[in-house]
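[1] Structure here, sequence nowhere to be found:
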Ligand SMILES: N[C@@H](CCC(=O)N[C@@H](CS)C(=O)NCC(=O)O)C(=O)O
């Protein structure tokens, strides 16, 4: 992992490393909506770490809100859905916890 010369906070990766990270982020999805300040913090982290995480806007797509409520038990955003290697799902709430998870795995 390196950082961009233009902006040292932004992560840059070689093609192989980025492909590996992209495969890992295939197992993630973020439930959010644009005007939620906690979501914006998480989206900034996703951008800075150059992660391709599927974004599921619960205000644009009511089915996403239903999924979040049914799967996670709460319609609060942001929530990161993590599909684990054994196929089980983890619904990670709280912006700080989500940002810590992303930093721990991808920074
Ligand atoms: N402590 C939480 C706060 C999350 C929060 O309050 N999210 C609001 C949107 S900004 C929410 O989803 N409220 C419930 C709702 O809109 O149904 C965090 O840091 O993620």
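    Looks like it arrived, so ask away. Everything quoted here is computed from the prediction, not taken from an experiment.

[2] where does the residue nearest the centre of the chain land in three-state SS?
    Against the mean C-alpha coordinate of the chain, by C-alpha atoms, centre = their mean, the closest residue is residue 30 at 4.8 Å. Under the three-state scheme (DSSP: H, G, I helix; E, B strand; the rest coil), residue 30 adopts strand.

[3] Surely it and residue 52 touch.
    No: Residue 30 lies out of contact with residue 52 (C-beta atoms under 8 Å); the separation is 11.2 Å. (Each C-beta comes from the backbone N, C-alpha and C, glycine too.)

[4] For residue 79, give me its contacts.
    Counting by C-beta atoms under 8 Å, 6 or more residues apart in numbering, residue 79 makes contact with 30, 31, 68, 72, 91, 92, 93, 98.

[5] so of those residues, which ones are in strands?
    Among the contacts of residue 79, the members found in strands (DSSP state E) are 30, 31, 91, 92, 93.

[6] I'd like these as TSV, with pLDDT and distance to the ligand appended.
    Converted to TSV, those look like this (pLDDT from 0 to 100; distance: C-beta to the nearest ligand atom, whole Å):
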residue	pLDDT	distance to the ligand
30	99	11
31	98	9
91	98	12
92	98	10
93	98	6
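
[7] Give me the buried entries from the residues you listed.
    Buried subset of the ones in strands among the contacts of residue 79 (neighbour count, 16 or more other C-beta atoms under 10 Å): 30, 31, 92, 93.

[8] what's across from the first one in the sheet?
    Right, residue 30. Per DSSP bridges, the residues bridged to residue 30 are residue 55, residue 80.

[9] which residues touch it?
    Counting by C-beta under 8 Å, 6+ apart, residue 30 touches 39, 42-43, 46, 53-56, 78-81, 98.

[10] Could you measure from it over to residue 94?
    Going from residue 30 to residue 94 by C-beta to C-beta, to the nearest Å gives 13 Å.

[11] so who does residue 70 touch?
    By C-beta under 8 Å, 6+ apart, residue 70 has no neighbours at all.

[12] cool, the one 5 residues further on as well?
    Taking C-beta under 8 Å, 6+ apart as the definition of contact, the neighbours of residue 75 are 58, 65, 68, 69.
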